[in-house]
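> with the sequence up front, the predicted model follows.
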Amino acid sequence: MACGPPPVEGPAPTYTNDSGVTNMADAGSVAAQARVQVRQVIDGDTIILTATSDAKSPDGRNLSGETVRLLGVDAPEVARPPQTPTSDCYGDQARNDAKELMQGRTVTLAYGTNNYRDSYGRLLAYVVFSDGEIANETLIENGSARSYDRFSHRYRSRFEAAEKRARDKNLGVWTCR
């Protein structure tokens, strides 16, 4: 008997680059046959996936068990002793908000142009729900995270506008002044 969430089924994940062009050459034809499920939320900007065995990342790795860093999002850190003995202001709430939004949901992923992984080996992606809502943007909009502006990305101006709205309303991370 298998443990953990069941494999997910449904339409293919979305593989688009930062210019908005579908890039199946990078994604690979096998990867386009399964959707992914958010198995676990690690913190406000990092998740772990469950997927069928044929679901692959653009760089060819199996998506099941893959750690994903939400592209364009910077959430407060949560406690991870001994390196981080305490959570940043709003860190625990940001993780809870991300869990409520994503955990257990079936999603598609959209990717940046060239760099599919960060320096920790995590897959960089936008998490998109079936209705087109982008989880990354929603977390910023509700104040659970900030727009990560260190690198340019396709939704940077949208994420910055969402951050301004959250900041103007003094939501979430913006209460930590």
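Sure, I can see it. Numbers count the residues shown, from 1 in each chain.

> measure residue 166 to residue 65 for me?
From residue 166 over to residue 65 the distance is 32 Å, taken as Cβ to Cβ, to the nearest Å. Yep, even glycine has a C-beta here, placed from its N, CA and C like the rest.

> what about the two, which has more around it?
residue 166 (22 against 13; other Cβ atoms under 10 Å).

> please look at the more buried one and residue 137 and confirm they touch.
No - the criterion here is Cβ atoms under 8 Å, and residue 166 misses it with residue 137 at 10.8 Å.

> now for residue 150, how many residues are close by?
Look at residue 150: counted by other Cβ under 10 Å, it has 7 neighbours.

> which strand of the chain spans the most residues?
When the chain is scanned for its longest strand (criterion: DSSP state E), the result is strand 36-43.

> give the contact list for the residue nearest in space to the middle of the chain.
The centroid of the chain falls nearest to residue 70 when counting by Cα atoms, centre = their mean (3.1 Å). Neighbour list for residue 70: 45, 46, 47, 125, 126, 127, 135, 136, 139, 145 [criterion: Cβ atoms under 8 Å, 6 or more residues apart in numbering].
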